[in-house]
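In: Got a predicted structure plus its sequence, pasted below:
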Amino acid sequence: MKRTLFLMLLVLLSFSLILSCGKKEEAAEGAPEEAVAASGIKTGGVLVFARSGDSVGLDPGRETDGESFYGSTQIFDNLVEFKPGTTEVQPALAERWDVSDDGLLFTFYLRKGVKFHDGTDCNAEAVKFSFDRQFVESHPYYQYGPWKYWGYMDMSNIVDRLEVVDDYTVSFYLKKVEAPFLANLAMDFAAIVSPTAVEKYGAEFASNPVGTGPFKFVSWTKDDSIVLDANKDYWGEGPYLDRVIIRVIPDATARYLALKNGEVDVIDFPSAEDLELMAADSNIELIQQAGLNVGYLAMNCQKKPFDNKLVRQALNYAVDRQAIIDAVYGSAGQVAKNPIPPTMWSYNDDIDPYPYDPAKAKELLTQAGYPNGFSTDLWAMPVARPYNPNARRIAEILQANFKEIGVETQIVSYDWGTYLDKTDMGEHTMAMLGWTGDNGDPDNFLFVLLSIPAATPPAGNIAYWKNEEFTDLITQAKETFDQDVRTRLYRQAQEVFHEEAPWVTIAHSVVTVPVRSHVRDFVIYPTGKRVFQRVWLDD
């Protein structure tokens, strides 16, 4: 009996090896061959991702923060998407598209047979619905905004209308040429939502999201966890995981210990102090990539004394940026001098950074009429972000730097959603924030964060800086496809920004994502997305 069983096992093992060899070509592009499970099948299971704060909402059209997009990215798809780990656009819900010779008409041809998680069809009408609700004021669901990101991107001055050509063809008619338009459609705000679900839930759709994405929404316990289950009918590759749980663990070291103990599989924004311990742990892998980001302190230019350029320049001279890097970022950060990261095309490296010079800062304050300094608030974010892993600590360093020149500051904070709402409405005097590029284009930083249109509440430009020369330069740049011309204009715009100093630029970070060693095919996106569609677990 034992010999017969042994022979049967040998036969089964040989057969499984043949199947395994035959399946090697089915592995995801870029996956190491040796990482694929012995069966040739990418295994499922439950993946737990721990992050520092909760989502504000899960309707991608309404939200602007990365914490919200961490959840909605798994649930929704776009017409186009970024190739994993890049800002190169590839087809998604649209199989292909045409662009007219004048650049004013984009026509998209949709995949057939794609279903929303509620079983309804994803078609051209659903695409039109998803966009119309954000800018057609007569649309019955326009009232459930504000559609902040649509406004930040100036989309109402770009898109004239959408037209349904047939069930699976939809056209965008533009008012003007917009060089980054296609990349814009890969951003979270351009996700396609289920009209049936929006009609069912109304304002509560943000807590009951329904898309076509690789994972379906199951539940959301505020400040604790979001639970997502695999969409087994997904049209694209994956998902391989059975379930994703997105947990909130505010403290960075607590997140590390949860990873170390196997309670979670992936964590966000590790503390610089914990990185060495993680690197020495054979059960943990550190995935790293230069971030497409910037962290900054915005000075509200519509409030005194920050309406005075000399005051803004003085505060730039007062900050010891290298001390911030050493204390908070360690080897995972570099001093910022421009509002776009050095990895982005058109970065102006010829600009000289503001040196740490308290004497110069005092001199400028005296010229501005504040020889004895002044008192103000300093707002600090309550969550860790890729561009700012510890806002409270940075605020304390800034507070000490400003005190040296006679500027007394009180550190203020709120919960994350309230913080964003209040800065959007300009209630702050100085506020820390930052940005991770969403489409790989300088426009996504310069126009969204610093243009005059973006200074209208709810504002992306929380400095409320309204400089016509700057806005004219970046507007010209986005209305031509000639990258050499765009680069020249963006470099000039950075010079204007440096002179006018609406921000204290602080840092660009290297993004580090620690994962348990059994997590496979997790890729960092330069846009800051956390995508679990192709992730699997090697058990």
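Out: Happy to help now that I have it. Numbering: from 1, shown residues only.
In: D482: neighbour count?
Out: Applying the criterion other CB atoms under 10 Å, we find 11 residues in the vicinity of D482. No exception for glycine: its C-beta is placed from N, CA and C like everyone else's.
In: Mind pulling up the pLDDT for it?
Out: Here the pLDDT value assigned to D482 is 95.
In: and it, how far is that from V177?
Out: Relative to V177, D482 is positioned 11 Å away (criterion: CB to CB, to the nearest Å).
In: so who does Y317 touch?
Out: Residues touching Y317, when contacts are defined by CB atoms under 8 Å, 6 or more residues apart in numbering, comprise Y354, P355, Y356, D357, P358, K360, A361, L364.
In: 6 Å instead, please
Out: When contacts are counted by CB atoms under 6 Å, 6 or more residues apart in numbering, Y317 is found next to Y354, D357, K360, A361.
In: Can you tell me the closest non-neighbouring residue to the first one?
Out: Taking CB to CB, 6 or more residues apart in numbering, and ignoring the residues beside it in sequence, Y354 has N316 as its nearest neighbour in space, at 4.1 Å.
In: Over to the third one?
Out: Nearest residue to K360 in three dimensions, chain neighbours excluded: Y317, at 4.6 Å (CB to CB, 6+ apart).
In: Roughly how far does the residue nearest to Y354 sit from T505?
Out: With CB to CB as the criterion, N316 and T505 are 8 Å apart.
In: tell me the secondary structure for G295?
Out: Per DSSP: H, G, I helix; E, B strand; the rest coil, the local secondary structure of G295 is strand.
In: Please tabulate the contacts of Y317 in TSV, including the columns secondary structure.
Out: What follows is the contacts of Y317, written out as TSV (three-state DSSP):
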residue	secondary structure
Y354	coil
D357	coil
K360	helix
A361	helix
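In: how far does stretch 408-428 sit from the chain's center?
Out: 20 Å (CA atoms, centre = their mean, to the nearest Å).
In: and what of stretch 53-66?
Out: In terms of CA atoms, centre = their mean, the centre of stretch 53-66 is found 10 Å from the chain centre.
In: what do you get for stretch 146-155?
Out: Its chain's average C-alpha position is 15 Å from that of stretch 146-155, according to CA atoms, centre = their mean.
In: That one: which residues count as buried?
Out: W147, K148, Y149, W150, G151, Y152, M153, D154, M155 (16 or more other CB atoms under 10 Å).
In: same deal with stretch 89-101?
Out: Under the neighbour-count criterion of 16+ other CB under 10 Å, stretch 89-101 has V89, A92, L93, A94, W97 buried.
In: From these, which land in helices?
Out: When DSSP state H defines the helices, the subset of those inside them is empty.
In: Using JSON lines, lay out those together with pLDDT.
Out: Rendered in JSON lines, the data for the buried residues of stretch 89-101 read as follows (pLDDT from 0 to 100):
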{"residue": "V89", "pLDDT": "95"}
{"residue": "A92", "pLDDT": "98"}
{"residue": "L93", "pLDDT": "98"}
{"residue": "A94", "pLDDT": "98"}
{"residue": "W97", "pLDDT": "98"}
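In: which SS state does L162 fall under?
Out: The local conformation at L162, judged by three-state DSSP, is strand.
In: need the contact list for it.
Out: K128, F131, F172.
In: Mind checking which of those residues are in strands?
Out: When the contacts of L162 are checked against strands (DSSP state E), the matches are F172.
In: What is the burial count for A290?
Out: As a burial measure, the neighbour count of A290 was computed by other CB under 10 Å and equals 16.
In: should've said Y356
Out: Quick note: Y356 (other CB under 10 Å) scores 17 neighbours.
In: ok, it to N401 distance?
Out: For Y356, the distance to N401 under the criterion CB to CB works out to 8 Å.
In: overlap in contacts of the two?
Out: When contacts are counted by CB under 6 Å, 6+ apart, the set common to Y356 and N401 consists of D320.
In: So T86: helix, strand or coil?
Out: Using three-state DSSP, the three-state assignment for T86 comes out as coil.
In: Let the chain start at 607 from now.
Out: Happy to do that; since the first residue is 607 now, the last one works out to T692.
In: Which residue is the nearest non-sequential neighbour of it?
Out: The shortest distance from T692 to any residue other than its chain neighbours is 7.1 Å, reached at P1132 (CB to CB, 6+ apart).
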